[in-house]
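> coordinates only, sequence not included:
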């Protein structure tokens, strides 16, 4: 091993390596491709850092000037990529390595500038790395090693095409390392296509999973799941804890609940930006936050040194997610607890998940309020405050307190202040001790006229019986509603008081009569009557103006002959005869219009002016523009029909002075006629102008 690497390991206090680290750093495997399967928390990041180091250093002891990257590490999530970068930074710090990262959610311009300055090792996520390759921002020609961390997760997230693109763009003589918790068929195929004679290294055993993690399945009632999470956090008082949820909505609700209860909590979900997610994890590492509520986006690769507790607020969908969630604790030889919150409806699912993952869990109830308080007292008695010496600055205050108050008063004050600093535990309902139903005892049955047919229901009969019979709810047993009658069971000790209260007629409200039975009614209700036999207690419609349905027609007999159409009756005086639309009369013809000059009646402009050429249908229409002229080129204008007195006085048609609006159709026709004869009213000659183009309508 290089001296720079050994110096970094000694500074971190690594006396021994984990099995996976020893296996991949074997000198006989230097430069070879590897397919490694190891459980989470086994030190895989340090392992592949040691595995690729000989190929990167060569004969030198340190890195040279940074240029094109020598190694490429690909991780499925942003958080895992940033964590890998931190691990490799301290490992290669004494060797002068320059590391760069390209992950989604970060500023791409900063990443391009960092790559342009040069880097020995690049840590990336598949999508962003592919973008840089396609833009020409990164040069992969000098790569000596490519590492795929959590390869199975990258395939599950749909990065298969991106990974194949990246590997094809890399040099063929590179060293390729695939690290995966499991090796399904897709991983084996990827290794076969892009690795050469890969060495298979497996440090996991199917019989022993997460030996440093204690699994606890805690049964709670469905309404106490969030209260149980609070009690679990209070019971263990872990420096760092993660609460896993399945949806973002649950994350937001749980974060708000824990924050209101006094926990220092942060959220981690896919809807947050990369900077928000980075700040949340940094707050957990710095100790500013104690609890992280997260979705499965944080289930891969997150390493928090003080994480001792993982809570599954909602059960995961499969056993792999359960293992990766729980693997956030119990890492690198540290102990941890993985607690599953199991309501009654999810008990079988929890058992299946644990069985598939080959895990053994301790089944117990969630910590009660008394257990949390007892755990607090135990921690209080083991506190280092009792053994600390009195500081000189506090001696006077301590002496006055000891003189003024008794030992019991001082102890009570300390206990009260100790507990006030912590959130109070929640009271949980006991689901194991279900209350046993006592036998009802001797009883007497009564029948009541009226059942389902009149809308009888137990929720209506019970208060009526208690009110009129002056009995309690406990005196009423079973109530069975049949179609025509209802049957009621009363406690035998309450029958005499009930009968005296309702009177000798044994009638309840609305004259409903009770009958005492000699024995219990049979459970056989007989065949259910058809729907139509039940009486209809529906009031008729009174608002006839809104009732448009009318009476329903009688059912037609299909065997009867088809009724003939009724003959039309004679029209009443003042009414028109009904029209038979199958033999409708011809439409009435319109009277022909008279021409503007008083000649023969005309039907169109072409007949009134036979000397004009017949225009096309779309040209014969009236020009749409108000200034269009008869000879403007857009078709001729139909002469205006005279109206009013002008129609009755033929002499006023031509040459008469204009009246009314000067630009009306009638005056235009008069001026046009005067211009031809040179009479009075002729307009002054003016320079002709080109007609404006009009939008022609499609004849179709």
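That came through, no problem. Predicted model only: the values in this text are computed from it and were never measured.

> Quote the end-to-end distance of stretch 89-96.
9 Å (C-alpha to C-alpha, to the nearest Å).

> Please apply the same query to stretch 480-497.
The separation between the terminal residues of stretch 480-497, taken as C-alpha to C-alpha, is 22 Å.

> what's next to it, contact-wise?
Residues from elsewhere that reach stretch 480-497 (C-beta atoms under 8 Å, 6 or more residues apart in numbering): 440-453, 456-458, 461, 465, 469-471, 474-479, 498, 514, 517, 520-521, 525, 528-529. Glycine gets a C-beta too; all of them are placed from N, C-alpha and C.

> Take the residues you listed and keep only those in helices.
458, 461, 465, 469, 498 (DSSP state H).

> Skipping adjacent residues, who's closest to the third one in space?
If I follow you right, that is residue 465. residue 476 (6.1 Å; C-beta to C-beta, 6 or more residues apart in numbering).

> Just list whatever residues bridge to the one you found.
Going by DSSP bridges, residue 476 is paired in beta bridges with residue 490.

> need the contact list for it.
Residue 476 touches 462, 465-466, 488-491, counting by C-beta under 8 Å, 6+ apart.

> Now do the helices in the stretch 1-150 of the chain.
For the stretch 1-150 of the chain, applying DSSP state H, counting those that start in this stretch gives helices covering 3-12, 19-24, 44-57, 78-91, 108-117, 126-135.

> Comparing those, which stretch has the densest surroundings?
Mean neighbours per residue, mean count of other C-beta atoms under 10 Å, is largest over the helices of the stretch 1-150 of the chain for helix 44-57, with a mean of 23.

> Tell me how far residue 403 lies from residue 396.
Counting by C-beta to C-beta, to the nearest Å, the separation of residue 403 from residue 396 is 11 Å.

> Buried ones only from the contacts of stretch 480-497, please, as a ChimeraX command.
Entered in ChimeraX, the line below selects the buried ones among the contacts of stretch 480-497, by 16 or more other C-beta atoms under 10 Å:
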select :443,444,445,446,447,448,449,450,451,452,456,461,465,469,471,475,476,479,498,514,521
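
> what bits of this protein have low per-residue confidence?
In the predicted model, the chain carries pLDDT under 70 at residues 1, 39-41, 204-211, 298-301, 332-333, 432-437, 510, 523-666, 674-700.

> per the record, what domains does it have?
3-202, 213-367, 443-516 (automatic domain parsing).

> Out of those, flag the one nearest residue 389.
Shortest distance between residue 389 and these, using C-beta to C-beta, is found for domain 213-367: 25.7 Å.

> The closest one: end-to-end distance?
19 Å.

> ok now it, how far from the chain's centre?
Computed by C-alpha atoms, centre = their mean, to the nearest Å, the chain-centroid distance of domain 213-367 equals 20 Å.

> Tell me the spacing between the residue lying closest to residue 478 once chain neighbours are set aside and residue 136.
In space, and not counting its chain neighbours, residue 478 is closest to residue 489: 4.5 Å by C-beta to C-beta, 6+ apart. Residue 489 sits 86 Å away from residue 136, going by C-beta to C-beta.

> More neighbours: those two, which one.
Using other C-beta atoms under 10 Å, the more surrounded residue of residue 489 and residue 136 is residue 489, with 18 against 8.

> What is the neighbour count of residue 58?
Count around residue 58 with other C-beta under 10 Å applied: 10.

> any idea how far residue 411 is from residue 418?
Counting by C-beta to C-beta, the gap from residue 411 to residue 418 is 10 Å.

> Could you check which of these two is surrounded by more residues?
Using other C-beta under 10 Å as the criterion, residue 411 and residue 418 rank with residue 418 on top: 15 against 11.

> List the contacts of the more buried one.
Residue 418 touches 376, 380, counting by C-beta under 8 Å, 6+ apart.

> likewise residue 353?
315-316, 318-319, 322.

> let's go with 7 Å and repeat that
Residues near residue 353 by C-beta atoms under 7 Å, 6 or more residues apart in numbering: 315-316, 319, 322.

> for residue 506, same thing?
Residues in contact with residue 506, defined by C-beta under 7 Å, 6+ apart, are 513-514.

> Numbering from 31 from now on, please.
Renumbered: residue one is now 31, and that last one reads residue 536.

> What values do phi and psi take at it?
Torsion angles at residue 536 (phi, psi; degrees, to the nearest 10) stand at phi 50, psi 50.

> roughly how far apart are it and residue 286?
Taking C-beta to C-beta, one finds residue 536 at 59 Å from residue 286.

> do residue 473 as well
51 Å.

> follow-up on the earlier one: most neighbours among the contacts of residue 383, please name it.
In terms of neighbour count, residue 352 stands highest of these at 26 neighbours, by other C-beta under 10 Å.

> I figured it hits residue 387, correct?
Yes. Contact criterion C-beta atoms under 7 Å: residue 352 and residue 387 qualify, at 5.6 Å.

> What is the neighbour count of residue 43?
Neighbours of residue 43 using other C-beta under 10 Å come to 6.

> Could you give me the buried positions within stretch 445-453?
The neighbour-count check on stretch 445-453 (16+ other C-beta under 10 Å) flags residue 453 as buried.

> which residues in the stretch 281-430 of the chain form helices?
Going by DSSP H, counting those that start in this stretch, the stretch 281-430 of the chain shows helices at 304-316, 349-356, 377-386, 399-411, 425-434.

> Name the stretch among the ones you listed that sits most buried.
Highest mean neighbour count among the helices of the stretch 281-430 of the chain (mean count of other C-beta under 10 Å): helix 349-356, with a mean of 22.

> Residue 204 and residue 177 touch, don't they?
No. Counting by C-beta under 7 Å, residue 204 stays clear of residue 177, with 10.3 Å between them.

> So those two - more neighbours on which side?
residue 177 (27 against 21).

> Might you report the residue contacts of the more buried one?
The contact partners of residue 177, by C-beta under 7 Å, 6+ apart, come to 78, 82, 103-104, 207, 209.

> is it in a bridge, and if so with what?
Under the criterion used (DSSP bridges), residue 177 bridges to residue 103, residue 207.

> Can you give me the distance of it to residue 210?
From residue 177 to residue 210 the distance is 12 Å (C-beta to C-beta).

> Then residue 298?
24 Å.

> Same check on residue 178?
With C-beta to C-beta as the criterion, residue 178 and residue 210 are 8 Å apart.

> Between these two, point out the one with more neighbours.
Counting neighbours by other C-beta under 10 Å for residue 178 and for residue 210 shows that residue 178 has the greater number, 29 against 23.

> Contacts only, for the more buried one.
Counting by C-beta under 7 Å, 6+ apart, residue 178 touches 104, 184, 193, 208-209.

> same deal with residue 336?
Here residue 336 is in contact with 269-270 (criterion: C-beta under 7 Å, 6+ apart).

> tell me the phi and psi of it?
phi -100, psi 20.

> do the same with residue 444
When read as degrees, to the nearest 10, the backbone of residue 444 gives phi -70, psi -40.

> how far away is it from residue 404?
From residue 444 to residue 404 the distance is 17 Å (C-beta to C-beta).

> and what of residue 324?
Distance, residue 324 to residue 404, using C-beta to C-beta: 30 Å.

> Then residue 121?
Taking C-beta to C-beta, one finds residue 121 at 45 Å from residue 404.

> cool, residue 478 as well?
For residue 478, the distance to residue 404 (C-beta to C-beta) stands at 56 Å.
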